[in-house]
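> Fold the following for me, if possible:
(chains A and B)
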Amino acid sequence: MKPHRRPTSRVLRDLYRKPASAFGATVVLLFVLLAILAPWIAPYGPTEQIYTDARQPPSATHWFGTDHLGRDVFSRIVHGARSILSLAGLGALLAVGAGTVFGLLSGYLGGWFDELLMRVFDSVLAIPALLLALVLLGTVGPSRASVLAVIAVVYTPIVARVVRSETLAIKSQGFVETARLQGERLPRILLREILPSVLPALSVEAALRFSYGIFLVASLGFLGVGVQPPSPDWGLMVKEARTYIRLAPWSLYFPVGAISLLVIGVNLTADGLKRALRPSTEELSPRARRRILRARKTAGGANNADGSEGALASLDGVTVSYYQDGEWLDAVRDVSLEILPGETLGLVGESGSGKSTLALAVAQYLAANGAVRAGRIRFGGRDLLGLSPRDLREIRGAQIGLVPQNPLASLNPSIRVGEQIAEIVRRHAGASIGAARASAIELLRRVRIADPERVARRYPHQLSGGMQQRVMIAMGLSTSPRLLLFDEPTTGLDVTTEAAILDLVFDLLGSGDRGSLYITHDLGVVSRVATRVAVLYAGELVETGPTDGLLRAPRHPYTRGLLASLPKLERRGTALTSMSGSIPALDAIPTGCVFRPRCPWAAEVCEERPPIEAIEGDRTIRCHRWTEIGAPQEAQRTVDTAAEDRGRRVVVRAEDVETAFPIPRSLVELLQRKARLAVRAVDGVTLSIDEGRTLGLVGESGCGKTTLARTILGLDALRAGSIRLDGENLPPTLRGRKRGTLRRIQAVAQDPDQALNPHVSVAAAVARPLITLAGFRRSEARAEALRMLERVGLSASYASRLPGQLSGGEKQRVAIARAVAAGPDLVLFDEATSSLDVSVQARILNLLAELQSGGAGAYLFITHDLAVVSHLSDGIGVLYLGRLMEIGSTDEVLAPPYHPYTEALLSAFPSLGRTEGRARVRLEGEIPSPIDRPSGCPFHTRCPRTLGAVCVEREPPWRLTETGHAITCHIPLEELRRIQAPLLGGDA
Amino acid sequence: MGRILLRRLGFLFLTLLLTSALIFSATQFLPGDVARVILGREAGEEAVAALRGELGLDRPAIVQYGTWLGRFVRGDWGKSFGTGLPVRSLVVERLRNSLMLAVVALVLAVPFSILLGVWAGLREHGIADSAISLASLAVVGLPEFVTGVLLIELLAHRWDLLPASSPIAPGTGFWEALPSLILPALTATLVLLAYVARLTRAEVAEQMRRPYVRTAVLKGLPRRTVVFKHVLRNALLPTITVVAISFGWLIGGIIVIENVFNYPGLGRLLLFAIDRRDVPLMQAIAIVVVIGVVLANLIADLLYAAVNPRIRYR
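Just a heads-up that it's a prediction; the model follows:
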């Protein structure tokens, strides 16, 4: 768990750990001391001339000798320290102060103010610092005051730029927007929400300005336009001493030495500070590196081929660990697996389970501080751990391929994709350039990319996410490897795109002797692709078996808990079973059975680590008590879904809402007077939400659901239509809304890591809206905040903790408590559970249902996850390219008639249970860009049921049933009912 | 690409306009009374008033700026207060000298520092990297006059390898001037080296950590290919920008270096102008330098856009 902020004491400690920065900091401190104590340390006055002692070498009376005018060099150095440090220090301080103010305002306010200010600053920055200083001093005249002013003027723009870019980055974080939604005023937002997070970068910049300030003052002194004689400026001393270098070299070298030492000191300190504040790569000490190397060597072993014959790859008792802060943390413990040819082994686990580590271990590409400390990884009869780098290179690509997450980052942005595939073929098959190029195109065709010749010439950023992943798969297949490793390849892809990729993977893997390892957290996906499943929890294998058998009848308590936590499309209304506790951190692994702290069936025998047992059905399990565990428990509570529509008022009604973002025109287009184009993110949406009800909004990327939420919240202004809150029109922007209105609409966003101000305690965060929106006094607010935290399941011990000490699920709960604290009428959830683990998500969903039945208001729940939305919502709206395609109660939307897009979404959604009988509806092509909207029905470019010309030319009408279920399609409802088969039903 | 070019040129002109306004205001209006500065403290009131009228100092600021800008653009840069000579010929002559110095420094510094940076970046956290990092961190902060003075002591006085000062005569050709150029250029090179090497190293180290490097390694490609074909292509992109930025740095450094080595370039001319409060000369030098810096940035921007596929193909 990474802490967000690093307390000052820790930073200072880190600064002193490295010898370089420790040296630097000490030097600087020394000079500062000298400067402060100058009048008492210096034996002589700085301008005191003793003619008789002129040009004396260093001696007892004059430690550093004297210069040509008989002045004591040591005293002048010491006083000079005072001069230069005070000038540079004060100047830097002024620049930092002014720069911060400008940067904060500019970055936060944006608009013309920002533009103007940045243009002016950029112009100042175009003038090299020394030149600007000279020009200014040349006209104003050199003096201490003018030097100070010059430093401030010259360095303010740079500081402003740095602060501005930090501000921009922080401004987009969830907690800043929440502050705006709570009606906080500008000064408070800048000072309490943004500034604390800017401080790390600012302090590094301040150190740098100090360093450059010293540089500048010394240079100006040397040139004679800075501090004037007879003042003891070091630069000036160098200048004067040059003429006398033959006669009194010490009068030159001491100032030179002083400048060098101080500058180096400050630079080292600034560098150390930068590193301490941003620990990106953990630098490994040579000792750590030796330890890691040794650990890697001990594991690798004999190259004998024992082990089950026929296995393509096998892991025997593999333990993979990371070396951190002087100790080994085991991410994967004693895992034994086998992958047979023709089989796809699905490896399932939540975050922290070690599944990615395992894949990297097999690929032999662990991080610098990772090592396989025990066990063997066998492939093709050889132990991968003992291979020489040369042998490893032969196997890589040719026999083992990896398809990772995040295809864009895994592709070289500067090489065309065709070439990135071709180079593998050239390397391993020795093909010529032409033959390799042809192979690449053929491979692209094989992964179902249309027009492969053109795509091969493209760069990765020109392709969509789905196409990028297909390219990665093509690369993986290029040498027909025997083993393919998939590491969550569909994370981040839209459901419909994901479905197509999964189809592809399934077809490719189904044929031949190839074996593969498919890693995912999504049980629905694994049921689609894998023949066997292995479940990983906190680094240990807990259960394996054939996919169908295991998922239908899980035996291990964790697997059961996991399956019970999943919201299922088919089973709504029942509360999800959630597992207590959370996944243990790597440094806090429980003794005995790793699942014991969370297991409802834990007994004394579980204090001993259970061995892996082979059981019937070709399965294995690691549990002492699996035979004693009965049938899966049914959920205790049933959420009240009985429709009580009588007396429910409409809380929010949106009518024909349109929100658009203008595309900035280039200078040329401005001159050509071209019309302003806009991206219509929300293109005429009408919906309403009833009191105490939940409306779910689903859609894929570009559908406008987030923009719609932001429009309702007032963060983006609508340009047409209206939104009414309890019958009254809502002002389009936050600024127009009164406190009372703000109180009634609140939100919870997706990323729990960005949702809370890292410098504010949990209780304070929840209390704030009570003070600003509900008018509570501070003491009352705190008491109420504690009550709210209790309601979301966080005990009083959490009150004074900082967000950095909480897990993702806990942070999200705080965000929820904060949102409902002031009693809003409507809470918007924008993908609020999408980045949480399944087990954590279950708890949050139960919490939300509970809060709502306890009177927490209406919800607008936005997500791409159909199962979640159907579990929680009373009604569902389906969005595509900014328009509603279908809206109705959950039951209605999930049953025919479907809008063709809804049909495709449901069909694409990877869920458990038998899907063979289910109709497979797949969409061709990509989601069109919102800038280039299709005419008529926006869905016609991909619709499998398109009627042809009418769908292209005319917008489809709304068709309603008696119950209010509405679909916008040219196909009449009865026709749809006839041709569409129910997509749900069958075993859950 | 054409669009990018147009945009950049637009910004270039805007920047030049704003910068020239800034410089003009700073030099014309700050001291309060240019006429008095020229004539000195003893001059009588009528003489000062007459000169002010003659110089057009009683007209509104915008008009003064406009007139000055108009003249400047047409090539009339005024007469130097101190010498009475036309500013333009003075500046152009010295500009030539300074450019020679800058070119030598860049030619020495850039290739070497890139090599050094790449080498260090590939061995991140190794001994070589730490040594280079530390050394460059130390050197990068030393003011040029410190390094210059030390170099003179070492190479000129102690070992008598090169001339201790470089007062070349006006009109000296490049090759004749070269021996006098080496020491000052070396001084500039050292600072540039540290700066560019550090940034290159950081960029290379950063790229090595990217996922696409993992992909390349897992393809079974030899390390040579991974580094030269995959990594450098991306790591060296920002180098273009870095070199452009360092050009601006170089200017500042050159002013000091010319002073240390007695080299007759723009820097020394500027100091001469400041000494005599020679306003037209100061203005002209400042503008010329800024044009140079802005142009260098423009070329770097365009080069970067041309070479980076993410910008060229949107």
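> Can you mark which positions in stretch A:412-431 are buried?
Of the residues in stretch A:412-431, those with enough neighbours to count as buried (16 or more other CB atoms under 10 Å in any protein chain shown) are A:412-428, A:431. Glycine gets a C-beta too; all of them are placed from N, C-alpha and C.
> Oops, could you answer that again for stretch B:99-109 instead?
By 16+ other CB under 10 Å, the buried positions in stretch B:99-109 come out as B:Met100, B:Leu101, B:Ala102, B:Val104, B:Ala105, B:Leu106, B:Leu108, B:Ala109.
> likewise stretch A:476-491?
Judged by neighbour count (16+ other CB under 10 Å), stretch A:476-491 contains these buried residues: A:476-479, A:481-490.
> Enumerate every residue touching A:Tyr518.
A:Tyr518 makes contact with A:Thr344, A:Leu345, A:Gly346, A:Leu347, A:Phe486, A:Val505, A:Val526, A:Val529, A:Ala530, according to CB atoms under 8 Å, 6 or more residues apart in numbering or on different chains.
> From those residues, list just the buried residues.
When these are checked against 16+ other CB under 10 Å, the ones flagged as buried are A:Thr344, A:Leu345, A:Gly346, A:Leu347, A:Phe486, A:Val505, A:Val526, A:Val529, A:Ala530.
> ok, so of those, who is nearest A:Pro769?
Ranked by distance to A:Pro769 (CB to CB), the buried ones among the contacts of A:Tyr518 are led by A:Val526 at 41.1 Å.
> And the closest one, how far from A:Pro546?
When CB to CB, to the nearest Å is applied, the distance between A:Val526 and A:Pro546 equals 12 Å.
> where does residue 274 land in three-state SS?
This is for chain A. helix (DSSP: H, G, I helix; E, B strand; the rest coil).
> so it sits right up against A:Val204, yeah?
Yes - contact criterion CB atoms under 8 Å: A:Lys274 and A:Val204 qualify, at 4.7 Å.
> More neighbours: the two, which one.
For A:Lys274 against A:Val204, the residue with the higher neighbour count under other CB atoms under 10 Å in any protein chain shown is A:Val204, and the figures read 20 against 17.
> hang on, the more buried one in a helix?
Yes - secondary structure of A:Val204, determined by three-state DSSP: located in a helix.
> that older thread, what residues are shared contacts of A:Val526 and A:Pro546?
When contacts are counted by CB under 8 Å, 6+ apart, A:Val526 and A:Pro546 are jointly contacted by A:Val533.
> how far does stretch B:9-18 sit from the chain's center?
Mean C-alpha position of stretch B:9-18 versus that of the full chain (CA atoms, centre = their mean, to the nearest Å) differs by 18 Å.
> mean confidence for it?
For stretch B:9-18, mean pLDDT rounds to 82.
> And chain A, is it touching that?
Yes - using CB under 8 Å from any CB of the partner chain as the criterion, contacts between stretch B:9-18 and chain A involve B:Gly10, B:Leu14, B:Thr15, B:Leu18.
> Same check on stretch B:60-77?
No - against chain A, stretch B:60-77 shows no contacts by CB under 8 Å from any CB, the least distance being 14.3 Å.
> Could you do stretch B:176-187 as well?
No - contact of stretch B:176-187 with chain A (CB under 8 Å from any CB) is absent, the minimum separation being 13.0 Å.
> residue contacts, the residue in the stretch 51-200 of chain B that chain A sits nearest to?
At 3.9 Å from chain A, B:Gly141 is the closest residue in the stretch 51-200 of chain B, using CB to the nearest CB. Each residue near B:Gly141 by CB under 8 Å, 6+ apart is listed here: A:Ser211, A:Phe215, A:Val263, A:Ile264, A:Val266, A:Asn267.
> Now with 7 Å, please.
For B:Gly141, the contacting residues are A:Ser211, A:Phe215, A:Val263, A:Ile264, A:Asn267, by CB atoms under 7 Å, 6 or more residues apart in numbering or on different chains.
> Make TSV out of those and add pLDDT and neighbour count.
Written out in TSV, the entries for the contacts of B:Gly141 read as follows (pLDDT from 0 to 100; neighbours: other CB atoms under 10 Å in any protein chain shown):
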residue	pLDDT	neighbour count
A:Ser211	88	25
A:Phe215	88	26
A:Val263	88	23
A:Ile264	87	23
A:Asn267	85	27
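> for A:Ile887, helix, strand, or coil?
Using three-state DSSP, the secondary structure recorded for A:Ile887 is strand.
> how about the nearest residue to it, chain neighbours excluded?
Taking CB to CB, 6 or more residues apart in numbering or on different chains as the measure, A:Ile887 lies nearest to A:Gly877, with 4.2 Å between them; neighbours along the chain are not counted.
> Flag the shaky bits of the chain, pLDDT-wise.
Looking at chain A here, since you left the chain open. Within chain A, the ranges that satisfy pLDDT under 70 run A:1-8, A:278-284, A:299-309, A:570-573, A:630-647, A:665-671, A:912-919, A:985-988.
> look at chain B instead
B:1, B:29-38, B:40-41, B:82, B:140, B:314.
> Just the buried residues of stretch A:412-431: which are in helices?
Secondary structure defined by DSSP state H assigns A:Val417, A:Gly418, A:Glu419, A:Gln420, A:Ile421, A:Ala422, A:Glu423, A:Ile424, A:Val425, A:Arg426, A:Arg427, A:His428 of the buried residues of stretch A:412-431 to helices.
> check contacts around the single nearest residue of the stretch 101-250 of chain B relative to chain A.
Per CB to the nearest CB, B:Gly220 is where the stretch 101-250 of chain B lies closest to chain A, at 3.5 Å. Contacts of B:Gly220 were listed using CB under 7 Å, 6+ apart, and they are A:Arg393, A:Glu394, A:Arg396, A:Gly397, A:Ala398, A:Arg427, A:His428.
> how does it look with 8 Å?
Listed by CB under 8 Å, 6+ apart, the contact partners of B:Gly220 are A:Arg393, A:Glu394, A:Ile395, A:Arg396, A:Gly397, A:Ala398, A:Ile424, A:Arg427, A:His428.
> Would you tell me which one of those residues comes nearest to B:Asp129?
Taking CB to CB as the measure, A:Arg393 is the one of the contacts of B:Gly220 closest to B:Asp129, at 24.6 Å.
> A:Glu115: neighbouring residues, count only.
Other residues within reach of A:Glu115, judged by other CB under 10 Å, total 11.
> Find the helix or strand that it is a member of.
With elements delineated by DSSP states H and E, A:Glu115 resides in helix A:111-126, which encompasses its position.
> how about that helix: buried residues?
Buried residues in helix A:111-126, counting neighbours by 16+ other CB under 10 Å, are found at A:Asp114, A:Leu117, A:Met118, A:Val120, A:Phe121, A:Asp122, A:Ser123, A:Val124, A:Leu125, A:Ala126.
> Over to B:Leu181. Which of the three states is it?
Secondary structure for B:Leu181, judged by three-state DSSP, is helix.
> which one is it nearest to, not counting chain neighbours?
In space, and not counting its chain neighbours, B:Leu181 is closest to B:Val104: 5.2 Å by CB to CB, 6+ apart.
> Contacts only, for that neighbour.
Taking CB under 8 Å, 6+ apart as the definition, contacts of B:Val104 comprise B:Leu178, B:Leu181, B:Ile182, B:Ala185.
> Please verify my assumption that the second one contacts B:Met100.
Yes - with contacts counted by CB under 8 Å, B:Leu181 reaches B:Met100, the gap being 6.3 Å.
> circling back to that earlier point, output the contacts of A:Tyr518 in JSON lines; the columns should cover distance to A:Pro407.
JSON lines is the format used below for the contacts of A:Tyr518 (distance: CB to CB, whole Å):
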{"residue": "A:Thr344", "distance to A:Pro407": "20"}
{"residue": "A:Leu345", "distance to A:Pro407": "22"}
{"residue": "A:Gly346", "distance to A:Pro407": "20"}
{"residue": "A:Leu347", "distance to A:Pro407": "20"}
{"residue": "A:Phe486", "distance to A:Pro407": "12"}
{"residue": "A:Val505", "distance to A:Pro407": "14"}
{"residue": "A:Val526", "distance to A:Pro407": "20"}
{"residue": "A:Val529", "distance to A:Pro407": "17"}
{"residue": "A:Ala530", "distance to A:Pro407": "21"}
